[in-house]
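Q: let's see this in three dimensions:
(2 chains)
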Protein chains: 2
Amino acid sequence: MVTLNDIAARLGISKSTVSKGLNNASDVSVELRRRILETAAEMGYAGQRAPKKFCIFIENMDYKDPNQFGYDIIAGFREMAGSDGWMVDVSPLDEAYQRTTTYQEAMAQGGWTGAFLLGFSLLDPWMEELHTARIPTVLYDNYIKENPFMASISCDSGGGLEAAVRYLRSLGHRRIALLSGPLDSYVIRERYNAYCAALEKCGLPVDQELIGLGYYVAETTRKFLPEFIGKGATAILCSDDGRAVSVYTECCDRRLSIPQDVSIIGFDDLPMAAYMNPPLTTIRQDRLALGKCGYYALSCLINDLAIDSIRLRAPLVVRGSAGPAPQRAGLGQAGEEET
Amino acid sequence: MVTLNDIAARLGISKSTVSKGLNNASDVSVELRRRILETAAEMGYAGQRAPKKFCIFIENMDYKDPNQFGYDIIAGFREMAGSDGWMVDVSPLDEAYQRTTTYQEAMAQGGWTGAFLLGFSLLDPWMEELHTARIPTVLYDNYIKENPFMASISCDSGGGLEAAVRYLRSLGHRRIALLSGPLDSYVIRERYNAYCAALEKCGLPVDQELIGLGYYVAETTRKFLPEFIGKGATAILCSDDGRAVSVYTECCDRRLSIPQDVSIIGFDDLPMAAYMNPPLTTIRQDRLALGKCGYYALSCLINDLAIDSIRLRAPLVVRGSAGPAPQRAGLGQAGEEET
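A: Residues are numbered from 1 along each chain as shown, chains lettered A, B, ... in the order given. You can find the predicted model right below:
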């Protein structure tokens, strides 16, 4: 175990100066503090003074309200960690912070033994560092190959989307669109591929005209919904429930009835989904369970049990927003015959 | 919770007769016992009299000696389960037993709350029943879609085989053979596919002449080893360490040196691997960790936390059995040029 004395000896400074540097005291210069943090990270110092402290880093994900995706993940993690005597800090962060502070520096500074990373995209600056970092780390919906200090937690998007497509197919739908975020995240790519694979398994062609991707939810929906309908789509799979909400709004504006004119299926099953009108049929991610498994994976890693990944079921929750495919006479694109 | 009284009421017999039937007492007729077991299974009776008892069913896998694959899996499971107060029975079984007793009947009879299934092939009679059984069940190296009562435990064969192929490629090998069991098990199919995918990622063609599959280890090795060498193979990946042992024996008989004439990589890292001559380079499955995760997954399932799968890392353990590719002048099949 690396101690403050080891770092002090390496740098030729006092132990108290090392401590001040790690704790961001104002009487240590920016340059010296940086050297202390870098040396601590390089030597593998992991904040032994507070050995029972984890951090949840959260990026691109809301979590302060029970209807926001991160809320229950954090609650599940905290519940399990707390009963084992771990403190859990939650640290929201952005790309700018990641560019000025490396992951190892941040961990050394916080005195955390391990971390749970939520909402990171493939473009986040820390992602590169995770391939070599030697800090027990669990990622939600991201996967780092070959580094045994990293583990992944996710839901089975493939199974969930296949169930959704089969369900729509059984209701007579053949033109099933995908409305999704952009492909700069690991999980959105996975869901995109799963959507294509599910269509093929059900004998339906993948049609690029029925795929709409974009970062800004309302704008993306406004652009693609009329295009999808014009191309004969009778059902829309959304990559998250938030997008499904925006589709409801847009359908209302365009006087399209759900599910009579178009069927909608979401992804996540946020608490609000059951209260939408009509109640949203969606693919469930059990976020409390994700948080609990996140803690379990992290506790495995710090005990040298090299978990690669834990995956949860993603069952289809059938409510009222998907129904039989409408017969749309006169829409050229929808004119395929049932086989 | 279904009780003995419920079963007794349904059948119109006494509670003590139900109890006798479930416990295989000799004063209950075979026909009545069968009706009691079937009714108990149908009603979801799970042996509430001994609620803290799990079963490990084991098939096609040796486990009595530390050098046998199942030994540490059972030890890891027992260690974790025992500390939570669970008793663990180990029940070896065969296809004949599965044909006369359904899984639900066996579970009701044993009074087990859940089970961990080791070594099952796709041909095992119980596999079909697992798609609908409502009994918390964890399978090692098998995967049941959509049934939330089932979870899977495995090692990342794909990652391990990719690391092995990349390592051989870096040593100059281009003709890498696969010696494996038959494709009637989920995991052997997975490894077969992973081998093909790894070759492709390394820019090497998949050559059916370099793939040898067979149930009987020594016979399969004796048949395929000379064929592989004749076709220019300079390295052989084995689907388990037992096959690697048989390759060592066969190489010895044929005066082939390992790794000078042919490189060998195993799969499993059984304790003996380090003591072979030369020590076996192999892909590690951490069996204690597999057992521990098996218990964790089962305890999640009985707490309604629908784990789909837990996967462990499968790192390449480099020892002495793989070395630089030999230059084999005169072997037509090996005459490809390095690119």
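Q: quick check: phi and psi at residue A:320.
A: Per-residue torsions, residue A:320: phi -100, psi 0 (degrees, to the nearest 10).
Q: distance check, it against chain B.
A: Separation of residue A:320 from chain B (CB to the nearest CB, to the nearest Å) stands at 22 Å. (C-beta placed from N, C-alpha, C; glycine too.)
Q: chain B contacts on the stretch 51-200 of chain A?
A: Residues of the stretch 51-200 of chain A lying close to chain B by CB under 8 Å from any CB of the partner chain are A:145-146, A:148, A:155-156, A:159, A:163.
Q: again, only this time at 10 Å
A: Contact residues (CB under 10 Å from any CB of the partner chain) of the stretch 51-200 of chain A with chain B: A:76, A:145-148, A:150-152, A:154-156, A:158-159, A:162-163.
Q: of those, just the buried ones, ChimeraX syntax please.
A: Buried members of those, defined by 16 or more other CB atoms under 10 Å in any protein chain shown, are picked up in ChimeraX with:
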select /A:76,148,150,151,152,154,155,156,158,159,162,163
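Q: so which of the residues of the stretch 51-200 of chain A next to chain B are in helices?
A: When DSSP state H is applied, those are split such that A:76, A:158-159, A:162-163 fall in helices.
Q: would you mind giving the residues you listed as CSV with pLDDT added?
A: Formatted as CSV, these follow (pLDDT from 0 to 100):
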residue, pLDDT
A:76, 95
A:158, 93
A:159, 95
A:162, 97
A:163, 97
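Q: tell me the buried residues in stretch A:85-100?
A: Here stretch A:85-100 shows A:86, A:88, A:90, A:92-93, A:98 as buried, counting by 16+ other CB under 10 Å.
Q: now do the residue nearest to residue A:221 when sequence neighbours are not counted against residue A:236, distance only.
A: Nearest non-adjacent residue to residue A:221, counting by CB to CB, 6 or more residues apart in numbering or on different chains: residue A:246, 4.2 Å away. Distance, residue A:246 to residue A:236, using CB to CB, to the nearest Å: 11 Å.
Q: got it, and residue A:63?
A: Taking CB to CB, one finds residue A:63 at 27 Å from residue A:236.
Q: which one's more surrounded, these two?
A: residue A:236 (31 against 20; other CB atoms under 10 Å in any protein chain shown).
Q: could you say which helix or strand contains the more buried one?
A: Using DSSP states H and E, residue A:236 falls within strand A:235-238.
Q: distance between that strand and the chain's centre?
A: Offset of strand A:235-238 from its chain centre (CA atoms, centre = their mean, to the nearest Å): 19 Å.
Q: strand partners (parallel or antiparallel) of that strand?
A: Partners of strand A:235-238 in the sheet, by DSSP bridges, are strand A:176-180 (parallel), strand A:263-268 (parallel).
Q: and these as a markdown table, adding mean pLDDT and mean neighbour count?
A: Shown next, in a markdown table, are those (pLDDT from 0 to 100; neighbours: other CB atoms under 10 Å in any protein chain shown):
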| stretch | mean pLDDT | mean neighbour count |
| --- | --- | --- |
| strand A:176-180 | 98 | 25 |
| strand A:263-268 | 97 | 27 |
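Q: go through those strands and name the closest to residue A:33.
A: Proximity to residue A:33, assessed across the strands paired with strand A:235-238 by CB to CB, is greatest for strand A:263-268 (40.9 Å).
Q: would you put the C-alpha positions of the closest one in CSV?
A: Only the C-alpha atoms of strand A:263-268 are listed here, as CSV (Å, rounded to 0.1, in the frame of the first residue of the first chain):
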residue,chain,number,x,y,z
SER,A,263,-47.8,2.5,-32.3
ILE,A,264,-45.1,3.8,-29.9
ILE,A,265,-42.7,1.7,-27.8
GLY,A,266,-40.2,3.4,-25.4
PHE,A,267,-37.1,2.2,-23.6
ASP,A,268,-36.4,2.5,-19.9
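Q: returning to what we had before: farthest-separated two in the ones in helices among the residues of the stretch 51-200 of chain A next to chain B?
A: A:76 and A:162 (25.8 Å).
Q: re the thing from before, okay, and the common contacts of residue A:246 and residue A:236?
A: Residues within reach of residue A:246 and of residue A:236 at once, by CB atoms under 10 Å, 6 or more residues apart in numbering or on different chains, are A:179, A:221, A:225.
Q: any idea which element the last one lies in?
A: In this assignment (DSSP H and E), residue A:225 forms part of helix A:217-230.
Q: how far does that helix sit from the chain's center?
A: With CA atoms, centre = their mean, you get 24 Å for helix A:217-230.
Q: check stretch A:89-104 too.
A: That offset, for stretch A:89-104, works out to 17 Å (CA atoms, centre = their mean).
Q: need the CA coordinates for it. CSV is fine.
A: Only the C-alpha atoms of stretch A:89-104 are listed here, as CSV (Å, rounded to 0.1, in the frame of the first residue of the first chain):
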residue,chain,number,x,y,z
ASP,A,89,-20.1,10.5,-3.1
VAL,A,90,-21.9,11.6,-6.3
SER,A,91,-19.8,13.8,-8.6
PRO,A,92,-21.4,15.3,-11.7
LEU,A,93,-18.8,16.3,-14.2
ASP,A,94,-18.4,17.5,-17.8
GLU,A,95,-15.9,17.2,-20.6
ALA,A,96,-14.0,20.4,-19.6
TYR,A,97,-13.3,18.9,-16.2
GLN,A,98,-12.1,15.7,-17.7
ARG,A,99,-9.7,17.6,-20.0
THR,A,100,-8.0,19.4,-17.1
THR,A,101,-8.0,16.6,-14.6
THR,A,102,-7.1,13.0,-15.4
TYR,A,103,-9.2,10.2,-14.0
GLN,A,104,-6.3,9.0,-11.8
